[in-house]
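[1] fold the following.
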Amino acid sequence: MLLGSSSSIYASLSDRAKLVPSLSSSAPFFNSVKGVRFSRRNVGYGVVAMASKEAKNQQVLDIAFEPFEEVKKELLVIPTLPHASLARQKYSDQCEAALNAQINVEYNVSYVYHAMYAYFDRDNVALKGLAKFFKESSVEERQHAEMMMEYQNKRGGRVQLQTMLMPFSEFDDEEKGDALHAMELALSLERLNNEKLLNLHSLANENNDVQLVDFLESTFLVGQVEDIKKISEYVAQLRRVGKGHGVWHFDQMLLNGDVAA
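    Residues are numbered from 1 along each chain as shown. You can find the predicted model right below:
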């Protein structure tokens with residue numbers, strides 16, 4: 001029995017030796033895949049391990065792919081009607097309506113700034129620096145409205161533009177002067193706009209709309225604080241210079257981009 005067992009062991013080792021290249025007593029064998037060094041004693045183990053790995057890979061390839069149960073449920077809620085948005089997901093009607101209202105706010109602020117630009121560009125006013133500032137501000141607010149419209153479409157909402165109010169066309173003030181009066185009005189507009197944005201931000205938080213929160217924080221809220229700070233400094237400077245030559249000097253600095261604020 002012992003001789004029979006020994007012969008079977010030798011036969012098994014002989015079969016394994018046929019599966020690997022011939023080895024010399026002085027040259028080690030290296031696994032070409034993982035770079036693991038094998039000696040003559042563990043060659044058989046390496047061959048068995050490789051064969052086992054190939055078998056497992058074959059089992060994985062034989063498995064047919066099936067959608068997860070969550071995906072099956074999601075397929076049921078994708079709309080099939082042609083007028084319904086396919087991109088809309090976790091976007092409440094409240095947030096959609098509030099964003100449309102904010103678009104209207106941005107357009108109204110832009111409209112007022114454009115009226116200020118037209119006023120200071122008159123030949124009998126001729127404050128070109130202030131005209132330039134309010135024209136750029138008008139373009140910026142209109143760009144904000146367009147960014148919100150693009151986001152509304154991106155989330156699957158419907159853009160609904162609303163009526164804009166006619167702005168003032170005269171900004172002269174006997175006590176303050178036109179420059180200070182217009183700049184204080186601009187500060188009030190920015191503060192009001194910021195309050196509306198914060199209300200929209202709060203509504204998005206209440207509806208757990210993390211994507212809308214991120215859009216507002218990363219695109220508008222930081223810049224709004226900076227604009228309020230900048231215009232506040234302009235108001236403070238105009239209050240110091242009065243209504244005479246100081247306004248012209250302030251205007252020239254605005255025109256040339258040299259205002260300290």
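[2] buried sites along stretch 221-236?
    Across stretch 221-236, burial judged by 16 or more other Cβ atoms under 10 Å covers Q224, D227, I231, S232, Y234, V235. C-beta here means a position set from N, CA and C on the backbone, and glycine is covered the same way.
[3] just checking, the fifth one touches L185?
    Okay, so that is Y234. No: under the criterion of Cβ atoms under 8 Å, Y234 is not in contact with L185, lying 11.9 Å apart.
[4] got JSON lines for the buried residues of stretch 221-236, with pLDDT too?
    What follows is the buried residues of stretch 221-236, written out as JSON lines (pLDDT from 0 to 100):
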{"residue": "Q224", "pLDDT": "96"}
{"residue": "D227", "pLDDT": "96"}
{"residue": "I231", "pLDDT": "97"}
{"residue": "S232", "pLDDT": "97"}
{"residue": "Y234", "pLDDT": "97"}
{"residue": "V235", "pLDDT": "97"}
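[5] in the stretch 151-261 of the chain, where is pLDDT below threshold?
    Applying pLDDT under 70 to the stretch 151-261 of the chain picks out residues 258-261.
[6] so R240 makes contact with G246?
    Yes: with contact defined as Cβ under 8 Å, R240 reaches G246; the gap is 7.4 Å.
[7] the more surrounded of those two?
    More crowded of R240 and G246, by other Cβ atoms under 10 Å: G246, with 15 against 9.
[8] where's the more buried one relative to K229, distance?
    G246 is 22 Å from K229, where distance means Cβ to Cβ, to the nearest Å.
[9] my guess is L185 meets D173, correct?
    No: at 9.9 Å, L185 does not count as touching D173 under the criterion of Cβ under 8 Å.
[10] what's the burial count for Q89?
    Neighbours of Q89 (other Cβ under 10 Å): 12.
[11] is it true that it touches G156?
    Yes: with contacts counted by Cβ under 8 Å, Q89 reaches G156, the gap being 7.3 Å.
[12] which residues of the chain fall in helices?
    2-18, 43-61, 69-77, 93-120, 128-154, 178-206, 210-216, 222-241, 245-256 (DSSP state H).
[13] ok, so of the buried residues of stretch 221-236, who is nearest V125?
    V125 lies nearest to Y234 out of those, by Cβ to Cβ, at 17.3 Å.
[14] mind listing what K243 touches?
    Residues in contact with K243 (Cβ atoms under 8 Å, 6 or more residues apart in numbering) are K176, G177, A179, L180.
[15] gap between it and G177?
    From K243 over to G177 (counting by Cβ to Cβ), the distance is 4 Å.
[16] repeat that for V210.
    V210 sits 47 Å away from G177, going by Cβ to Cβ.
[17] got CSV for the buried residues of stretch 221-236, with distance to F215 too?
    Shown next, in CSV, are the buried residues of stretch 221-236 (distance: Cβ to Cβ, whole Å):
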residue, distance to F215
Q224, 14
D227, 18
I231, 24
S232, 26
Y234, 29
V235, 30
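[18] returning to that earlier point: which of the contacts of K243 lies closest to D121?
    A179 (13.4 Å).
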